[in-house]
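Undergrad: predicted model and sequence below, questions to follow.
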Amino acid sequence: MEKGTPTWALELATYQDRQRVTSAYRNRSWKITWPDRKLLRAWAKQQGWPAPGFIFDGSFISKMLASDENFALALRESGIQVHIPLEHYTISDKQLAELDALYKERKDMGALGLRPVGWDALVEELREIRRAIAVGVIIEIDGRKKGKIDIVRQFGCLRSFALEKKF
């Protein structure tokens with residue numbers, strides 16, 4: 001899993017998502033939640049998926065992703081949960097206004113002049129967006145130009161969008 005991927009940028013995989021899960025696994029952009037290891041090992045052994053302890057995780061994942069049937073069975077019965085990046089996420093006008101307010105909020109610091117107050121929060125919000133883009137989430141920016149949706153596929157595009165829109 002890419003470090004710091006925001007939870008809002010992930011969704012729980014279903015049995016129909018095997019190809020997306022396989023891709024996310026290769027890109028290290030997934031998050032897997034393992035159940036109790038002893039129970040999982042017992043379950044895997046019942047399915048004919050045994051593996052030595054030191055390579056259990058990799059062996060389990062390989063077997064799980066080997067077919068649609070294995071993947072559906074693992075999700076349904078093994079207790080694992082797999083989260084994968086959303087395909088699209090829409091940033092609302094309200095969210096953009098909140099980010100803009102963080103950018104504009106200043107405080108008079110005497111000799112230092114006007115200094116930003118909410119920039120720590122703004123920077124963290126922008127980092128979350130960058131992290132989501134880094135794992136493949138397409139960020140849509142809603143409410144632009146009479147309903148037209150702007151799409152951001154790379155963080156550099158987000159910076160360009162922000163500068164262009166006086167964000």
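TA: Yes, it's here. Numbers count the residues shown, from 1 in each chain.
Undergrad: for the protein, what spans make up the helices?
TA: Secondary structure of the chain (DSSP state H): helices located at 18-26, 37-46, 56-65, 68-73, 93-104, 119-134, 155-164.
Undergrad: turn these into JSON lines, columns for mean neighbour count, distance to L10 and mean pLDDT.
TA: For the C-beta atoms, the positions are set from N, CA and C on the backbone; glycine is no exception. Listed next are the helices of the chain as JSON lines, based on neighbours: other C-beta atoms under 10 Å; distance: least, C-beta to C-beta, whole Å; pLDDT from 0 to 100:
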{"stretch": "helix 18-26", "mean neighbour count": "17", "distance to L10": "10", "mean pLDDT": "95"}
{"stretch": "helix 37-46", "mean neighbour count": "13", "distance to L10": "21", "mean pLDDT": "93"}
{"stretch": "helix 56-65", "mean neighbour count": "17", "distance to L10": "18", "mean pLDDT": "94"}
{"stretch": "helix 68-73", "mean neighbour count": "16", "distance to L10": "18", "mean pLDDT": "97"}
{"stretch": "helix 93-104", "mean neighbour count": "14", "distance to L10": "18", "mean pLDDT": "87"}
{"stretch": "helix 119-134", "mean neighbour count": "16", "distance to L10": "9", "mean pLDDT": "90"}
{"stretch": "helix 155-164", "mean neighbour count": "14", "distance to L10": "18", "mean pLDDT": "58"}
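Undergrad: and of the ones you listed, who's closest to G4?
TA: helix 119-134 (5.0 Å; C-beta to C-beta).
Undergrad: return the list of helices and strands in contact with that closest one.
TA: Packing contacts for helix 119-134, counted by 3 or more C-beta pairs under 8 Å, 6 or more residues apart in numbering; DSSP states H and E, involve helix 93-104, strand 138-144, helix 155-164.
Undergrad: no further questions, thank you.
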